[in-house]
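A.B. asks: Quick one, what's the 3D model for this:
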Amino acid sequence: MSTAIKFENISKQYRLGLISTQTLSHDLNRWWKMNIQGKEDPYLKIGEVNDRAHKGVSDYVWALKDINFEVQQGDVLGIIGKNGAGKSTLLKILSKVTAPTTGTIKAAGRIASLLEVGTGFHPEMTGRENIFMNGAIMGMTKAEITRKLDEIVDFSGVERYLDTPVKRYSSGMTVRLGFAIAAHLEPEILVVDEVLAVGDAEFQKKAIGKMQDVSKGEGRTVLFVSHNMASMKILCNKGILLENGSVAFNGGINAAVDYYLKSDEIVDGLPLIDRIKYISKEIKIDEITVNDNKTSSIILNHPNNEIRIKIKGNVINKLRVGIECLLFDNDDVLLGKFAPQLDQKETDLIEPGKFELSELITLPINMTNGEYIIQVEITHPKVEYLAIFPKALKISKQNYLSEQGIPIDNKLFGFLYL
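C.D. replies: Numbers count the residues shown, from 1 in each chain. Here you go, the predicted model:
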């Protein structure tokens with residue numbers, strides 16, 4: 001089986017909030033190094049990983065960093081990852097919407113892309129005109145497009161509006177027509193980025209069936225991005241997991257989905273300190289305990305509904321430090337945010353050196369039996385995150401009050417509902 005796409009050292013760097021560097025000294029330095037001295041761009045050596053949730057110290061960010069993998073002809077590759085992981089950036093580079101900062105992509109054949117609702121459409125042109133324009137861009141002749149026209153229109157289900165300007169289409173109609181064009185104009189490589197979620201259930205089923213026909217029946221290559229893991233398993237045979245702009249897993253689709261879904265799971269008995277995912281240079285965490293327990297799983301029995309979080313560590317400079325907690329149910333739905341030090345007292349001012357911080361949290365009385373997840377965040381309040389323990393603690397609540405007919409008040413204990 002031949003290679004359809006080869007990604008070699010693909011990286012993409014952005015400067016946050018600005019186009020180019022917008023700084024004369026930076027532009028002159030870049031020009032001098034690259035054009036006079038023949039060296040690489042000096043700003044490739046700086047920048048931080050693309051962690052969208054946290055404040056950084058550099059204006060430069062790597063949306064993608066050193067991406068290397070191959071896609072074989074006929075493969076359906078599912079690209080998985082959280083929002084901001086770099087999935088769409090990778091597909092935009094493949095589709096030549098944007099250029100990579102470093103690296104090259106080698107692709108065998110024509111590429112048809114469906115990246116965003118309305119991508120590649122001229123809003124003032126009719127649906128029919130846009131079909132011919134897209135086909136011409138892909139290098140097809142008018143006769144070839146005409147031969148496929150009836151099939152495209154029938155699949156899209158927008159025949160009544162075919163001679164209406166696309167600007168009057170709904171988002172669902174636009175996606176229907178866009179996918180029909182991309183899938184029926186015989187590209188060797190089909191790239192689809194999440195937009196199918198805009199369509200209704202009937203169209204999603206048709207689209208997935210068409211992608212299966214394109215890959216299995218015609219031997220074409222498909223790259224598919226979606227947050228629907230069930231669709232991924234049905235459609236794809238290979239999977240790539242992106243985390244903060246880098247490849248975290250490359251393998252079979254079932255293994256990739258399992259790796260993705262389990263990456264944030266709490267493993268009973270592991271130390272809480274191992275759950276840390278982000279930490280500022282301002283702070284070092286040596287130990288974290290909940291109810292004097294260092295592991296990531298606790299059981300609360302009636303009538304106890306309190307947890308005490310203790311943190312030990314070091315700070316570099318004098319600053320205020322507080323603890324915030326986010327409560328999730330077992331389906332990863334955010335139930336609320338609890339930050340007692342912001343409402344009840346001034347946050348602790350920590351002197352440089354060793355510190356110990358303790359915070360008592362009273363859980364809401366309306367929690368029923370079951371499992372809950374707490375994310376612990378250490379903050380310099382209203383300034384920045386100092387450390388984050390995502391999904392740090394699993395709480396098993398047993399024999400709770402709601403089963404005994406005691407009235408429930410959602411606002412008891414200062415619980416802040418969002």
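
A.B. asks: can you tell me which residues contact residue 234?
C.D. replies: Counting by Cβ atoms under 8 Å, 6 or more residues apart in numbering, residue 234 makes contact with residue 208. C-beta: built from backbone N, CA, C; applies to glycine.

A.B. asks: Which secondary structure state does it sit in?
C.D. replies: On the three-state scheme (DSSP: H, G, I helix; E, B strand; the rest coil), residue 234 is labelled helix.

A.B. asks: ranges for the helices of the stretch 101-250 of the chain?
C.D. replies: Secondary structure of the stretch 101-250 of the chain, counting by DSSP state H, counting those that start in this stretch: helices at 127-137, 142-156, 171-184, 201-212, 229-235.

A.B. asks: could I get the third one in CSV with only the CA atoms?
C.D. replies: Which is helix 171-184. C-alpha atoms of helix 171-184 as CSV (Å, rounded to 0.1, in the frame of the first residue of the first chain):
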residue,chain,number,x,y,z
SER,A,171,-25.6,26.6,8.1
GLY,A,172,-27.0,23.1,7.7
MET,A,173,-27.7,23.6,4.0
THR,A,174,-24.2,25.1,3.4
VAL,A,175,-22.6,22.0,5.0
ARG,A,176,-24.8,19.7,3.0
LEU,A,177,-23.7,21.3,-0.3
GLY,A,178,-20.1,21.7,0.8
PHE,A,179,-19.8,18.0,1.8
ALA,A,180,-21.6,16.8,-1.4
ILE,A,181,-19.1,18.8,-3.5
ALA,A,182,-16.0,17.6,-1.6
ALA,A,183,-17.1,13.9,-1.6
HIS,A,184,-18.3,13.7,-5.2
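
A.B. asks: average pLDDT for that helix?
C.D. replies: In this model, helix 171-184 carries a mean pLDDT of 83.

A.B. asks: hmm, who's touching that helix?
C.D. replies: Under the criterion Cβ under 8 Å, 6+ apart, residues 112-114, 117-121, 127, 130-131, 134-135, 148, 151-153, 155-158, 161, 166, 169, 190, 192, 195-196, 198-200, 203, 207, 210-211, 214 lie in contact with helix 171-184.

A.B. asks: before we move on, back to that, can you redo the helices of the stretch 101-250 of the chain as a markdown table with distance to residue 368?
C.D. replies: As requested, those are arranged in a markdown table below (distance: least, Cβ to Cβ, whole Å):
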| stretch | distance to residue 368 |
| --- | --- |
| helix 127-137 | 51 |
| helix 142-156 | 47 |
| helix 171-184 | 38 |
| helix 201-212 | 32 |
| helix 229-235 | 27 |
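
A.B. asks: Find the least confident helix or strand in the protein, judged by mean pLDDT.
C.D. replies: Every helix and strand in the chain was compared by mean pLDDT, DSSP states H and E; the lowest is strand 48-49, with a mean of 42.

A.B. asks: Next, the buried residues of the following helix or strand past it.
C.D. replies: Following the chain from strand 48-49 toward its C-terminal end, the next helix or strand by DSSP states H and E is strand 60-72. Applying a neighbour-count criterion of 16 or more other Cβ atoms under 10 Å, the buried positions in strand 60-72 are 60-65, 67, 71.

A.B. asks: Between which two of those is the distance greatest?
C.D. replies: Using Cβ to Cβ, the buried residues of strand 60-72 reach their maximum pairwise distance at 60 and 71, which is 29.1 Å.
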